[in-house]
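Q: fold the following, please.
(2 chains)
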Amino acid sequence: KAGVTQTPRYLIKTRGQQVTLSCSPISGHRSVSWYQQTPGQGLQFLFEYFSETQRNKGNFPGRFSGRQFSNSRSEMNVSTLELGDSALYLCASWDTLSTDTQYFGPGTRLTVL
Amino acid sequence: DQQVKQNSPSLSVQEGRISILNCDYTNSMFDYFLWYKKYPAEGPTFLISISSIKDKNEDGRFTVFLNKSAKHLSLHIVPSQPGDSAVYFCAASAPASNYQLIWGAGTKLII
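A: Just a heads-up that it's a prediction; the model follows:
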């Protein structure tokens, strides 16, 4: 099976702009989670989608939003970008019916100037 | 409130010796624990997991130990190899939170 894919891999934006990141989960996985990783901060949970519904949400401002499509692909949107949004954004997918193990994509490196 | 803690930001170990990475948790409802390995600019890679009904799980050079009474788990790597140099994250999940993973801050292992 193909792994989790994320596009784009790298992105440079300026403050105030908005950005949309995409994640394609492993075939058959219906759950997708998004994480933000900044140096020294570990993985900060953004939100999780299951069957097109947001099931869990982390402590991020409303500028961070997401959605999931019927084919389980997910998008994450950040509006009104701030310098502090510069980070590696990771997407993970898993098959909640059989395991709790999440499989990660390579991430999207977002730089906000 | 940090429910999963990795108190050592970094650890240096000689090649061939044992690496022991530690993780403490506070939520007694956690019933599944995982270790991930992460190289720079890549997504984390699943390494090994353990259910709360076990106290040990082994996979090749990697062994995870779970001490429920102490709310502590550890990852042992024997023997340590240069390719093991990475950041290691522990994570935990509980049924009550729809199995959302709660992550530690990571420990950078240098071999």
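Q: going forward, measure contacts and count neighbours with C-alpha atoms only.
A: Fine.
Q: show me what the lowest-mean-pLDDT helix or strand in chain B is packed against.
A: Sorting the helices and strands of chain B by mean pLDDT, DSSP states H and E puts strand B:102-103 at the bottom, at a mean of 87. In this structure, strand B:102-103 makes packing contacts with strand A:43-50, strand B:86-93, judged by 3 or more CA pairs under 8 Å, 6 or more residues apart in numbering or on different chains; DSSP states H and E.
Q: now the strands for the chain?
A: I'll assume chain A. Per DSSP state E, chain A carries strands over the ranges A:5-7, A:10-13, A:19-24, A:31-37, A:43-50, A:53-57, A:64-68, A:74-78, A:87-94, A:103-104, A:108-112.
Q: please go with chain B instead
A: For chain B, the strands defined by DSSP E occupy B:4-5, B:10-12, B:19-25, B:32-38, B:45-51, B:56-59, B:62-67, B:72-77, B:86-93, B:102-103, B:107-110.
Q: quick one: the longest one to strand B:32-38, angle?
A: So the one you mean is strand B:86-93. Strand B:86-93 runs at 160 degrees relative to strand B:32-38, counting by axes from the mean of the first three to the mean of the last three CA atoms, to 10 degrees.
Q: in its sheet, what does strand B:86-93 sit against?
A: Next to strand B:86-93 in the sheet, as set by DSSP bridges, lie strand B:32-38 (antiparallel), strand B:102-103 (antiparallel), strand B:107-110 (antiparallel).
Q: for residue B:34, give the beta-bridge partners.
A: Residues in beta-bridge contact with residue B:34 (DSSP bridges): residue B:49, residue B:91.
Q: residues from chain A in reach of chain B?
A: A:40-45, A:48, A:55-56, A:88, A:90, A:100-107, A:109 (CA under 8 Å from any CA of the partner chain).
Q: can you say which of these are buried?
A: If you count burial by 16 or more other CA atoms under 10 Å in any protein chain shown, the buried members of the residues of chain A next to chain B come out as A:42-45, A:48, A:55-56, A:88, A:90, A:100-107, A:109.
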